[in-house]
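Peer 1: Predicted coordinates and the sequence they were generated for:
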Amino acid sequence: FGIGLATHRKGLNVATQLKDEESQFLQDSFQQQLSRWNRRRLSPAFPDDWSADRFNEDQRMARLEHAFIEELRAEVRIEAAQAPTDVDGFIAWFEALKATGPGQEDRLFPWLADEARMDHLRWFLSQEAAGEAGFDDLVAMTQVKIPDRAKMELARNYWDEMGRGNIKGMHGPMLGQLVDLLDLDTCIEHTVWESLALANAMTAMATQRCYTWHSVGALGVIELTAPGRSAHTARALQRLGLSNSQRRYFDLHAVLDIKHSADWNEEAIKPLVAEDPRRATAMAEGALIRLRCGARCFDRYRAHFGLE
């Protein structure tokens, strides 16, 4: 919601999980530290808030963030290199991720839709909300200085995220209303590292310009794969008694993201790859990083619920 060719649709394999335990980045302490840094550095501030110590801390964290993404890249590089770099071939490869990519068709979501209790759903949504990096902000940061046609598509996507100028239609506040309604716990310290890592990876790709094309791929694969998960979550909320307005965020994304995905592929990915085929490989890496971070989350959530 990446690591090696042994990944399958149901989750990550045992070898990958053991490798995670050896990583200095795929751990609670680092992901919490990175989450707090991202929250601070991206929040509006004043010149007087700046200091030499903060500058040094930002340099140190930026190096660690870069190393974190490079570790994730290393896990998907071989698989991503197999993606075609011509426009039609890459789009076919990319769209196939909806069915065959890491974490797709995970059994967690039918269980949530049909069987989970409210306490199960509240814990799941707490993890998901805490790991939400803000799709609108990610799109806005990614579009800086990219070519015009792709920039226009990201602008249209952003405008939809902004409710097309209607504050009641903004997507972020819709999720925030559900957080308040269900009294969800989105505290960093109470969020599993897998969820934090997903948000941190998305933030890194959107803010570090050397990963711009990775971010385009990662954001595009969210649009591609989110509708099914959103539909299952909406069904769970309906079954547990939430009204149409209360579950609107998930109902909306179950439908709107289908169009968003088609437009993103046609108007952003295609022209960007046509202009420079190297971008296809970067987008493939970004998409696989995002999907494998999601698969890690689903594995952790199933373990929490005893669904292994």
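Peer 2: Received it, and whenever you're ready, just let me know what you need.
Peer 1: in what helix or strand does Pro227 lie?
Peer 2: helix 212-239 (DSSP states H and E).
Peer 1: from the chain's centre, how far out does the helix or strand that contains Gly176 sit?
Peer 2: Assigned by DSSP H and E, Gly176 falls within helix 171-181. When distances are taken as Cα atoms, centre = their mean, to the nearest Å, helix 171-181 is centred 18 Å away from the chain's centroid.
Peer 1: Determine the set of other helices and strands touching the helix or strand following it.
Peer 2: Later in the chain than helix 171-181, the nearest helix or strand by DSSP H and E is helix 193-207. Using 3 or more Cβ pairs under 8 Å, 6 or more residues apart in numbering; DSSP states H and E, the elements in contact with helix 193-207 are helix 28-41, helix 52-81, helix 118-130, helix 135-142, helix 212-239, helix 278-305. (C-beta placed from N, C-alpha, C; glycine too.)
Peer 1: In a markdown table: the ones you listed, plus mean pLDDT, mean neighbour count and distance to Glu194.
Peer 2: Formatted as a markdown table, the helices and strands packed on helix 193-207 follow (pLDDT from 0 to 100; neighbours: other Cβ atoms under 10 Å; distance: least, Cβ to Cβ, whole Å):
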| stretch | mean pLDDT | mean neighbour count | distance to Glu194 |
| --- | --- | --- | --- |
| helix 28-41 | 97 | 17 | 8 |
| helix 52-81 | 97 | 15 | 12 |
| helix 118-130 | 95 | 19 | 8 |
| helix 135-142 | 97 | 20 | 18 |
| helix 212-239 | 96 | 23 | 15 |
| helix 278-305 | 98 | 24 | 4 |
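Peer 1: Quick one: closest of the ones you listed to Arg149.
Peer 2: Arg149 lies closest to helix 212-239 among these, at 12.4 Å (Cβ to Cβ).
Peer 1: Show me what secondary structure element comes after the closest one.
Peer 2: helix 248-264.
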